[in-house]
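A.B. asks: Give me the fold of what follows.
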Amino acid sequence: MATSRLERIGTIFSRMEALLKQGAIKVDDRPLWYDIYKAFPPIVEPKFARPPPENKTIRPILYKEDVVRAKFHAKGHGISTNLLVPSGETQTKRLLQKYEALKSEGVAEDEIIEKSVTAVSKERPEFEKEENVRVNKESATAQVLEGADIKNIFNDK
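C.D. replies: Numbering: from 1, shown residues only. The predicted structure follows:
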């Protein structure tokens, strides 16, 4: 069986179909992928004898915002996003807007990053600040953490 070349004959789907048709595998024991493959067959049959696809070069896609983001990260400014805040405006978006505003005002390129980071950190909305984040006291996690004694967690009781 180790020298078998059956993978070159047909596809996995055609062999599974034959096993189901002959009764070697029960219908209830068929793999999950079988029904999905049958409902959504590939455009090109994945056969062993098919020639490999052409290697097409991938065009580099860079937006002007990517360059600005790279400048922020190169200077060591982490751009974080609070996923608990339902507003659609992220800190990155505000940084980019402030960067463009300072650039249009004619601020020197070296100072733009520092000024935009300080401006965005000052204008953080109140609901994003850590002290105003509301914790649901009724949640199971909050109740478990309330009774946990982290300092003595490994001591015998």
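A.B. asks: secondary structure element for Q97?
C.D. replies: Here Q97 sits within helix 91-105, counting by DSSP states H and E.
A.B. asks: Could you list every helix and strand that that helix packs against?
C.D. replies: Packing contacts for helix 91-105, counted by 3 or more CB pairs under 8 Å, 6 or more residues apart in numbering; DSSP states H and E, involve helix 64-74, helix 109-122. Placement of C-beta: from N, CA and C, glycine included.
A.B. asks: Adding mean pLDDT, mean neighbour count and distance to T92, write those helices out as CSV.
C.D. replies: Output for the helices and strands packed on helix 91-105, formatted as CSV (pLDDT from 0 to 100; neighbours: other CB atoms under 10 Å; distance: least, CB to CB, whole Å):
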stretch, mean pLDDT, mean neighbour count, distance to T92
helix 64-74, 82, 13, 7
helix 109-122, 80, 14, 9
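A.B. asks: from the chain's centre, how far out does the helix holding Q97 sit?
C.D. replies: Distance, stretch centre to chain centre, for helix 91-105: 25 Å (CA atoms, centre = their mean, to the nearest Å).
A.B. asks: How is this structure partitioned into domains?
C.D. replies: Domains of the chain are assigned by automatic domain parsing as 9-50, 64-129.
A.B. asks: Lowest average pLDDT across the ones you listed?
C.D. replies: Least confident of these, judged by mean pLDDT, is domain 64-129 with a mean of 76.
A.B. asks: Strands of the protein, residue ranges please.
C.D. replies: In the chain, no strands are defined using DSSP state E.
A.B. asks: about what we covered before: with only the CA atoms kept, save the helix holding Q97 in CSV.
C.D. replies: Taking Å, rounded to 0.1, in the frame of the first residue of the first chain, the C-alpha atoms of helix 91-105 are listed here in CSV:
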residue,chain,number,x,y,z
GLN,A,91,-7.5,56.0,17.2
THR,A,92,-5.7,55.3,13.9
LYS,A,93,-8.3,57.2,11.9
ARG,A,94,-8.0,60.2,14.3
LEU,A,95,-4.2,60.1,14.1
LEU,A,96,-4.4,60.1,10.3
GLN,A,97,-6.9,63.0,10.3
LYS,A,98,-4.7,65.0,12.7
TYR,A,99,-1.6,64.2,10.6
GLU,A,100,-3.3,65.5,7.4
ALA,A,101,-4.5,68.6,9.2
LEU,A,102,-1.1,69.5,10.6
LYS,A,103,0.5,68.7,7.2
SER,A,104,-1.9,71.1,5.5
GLU,A,105,-1.0,73.8,8.1
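A.B. asks: Brilliant, that's me finished.
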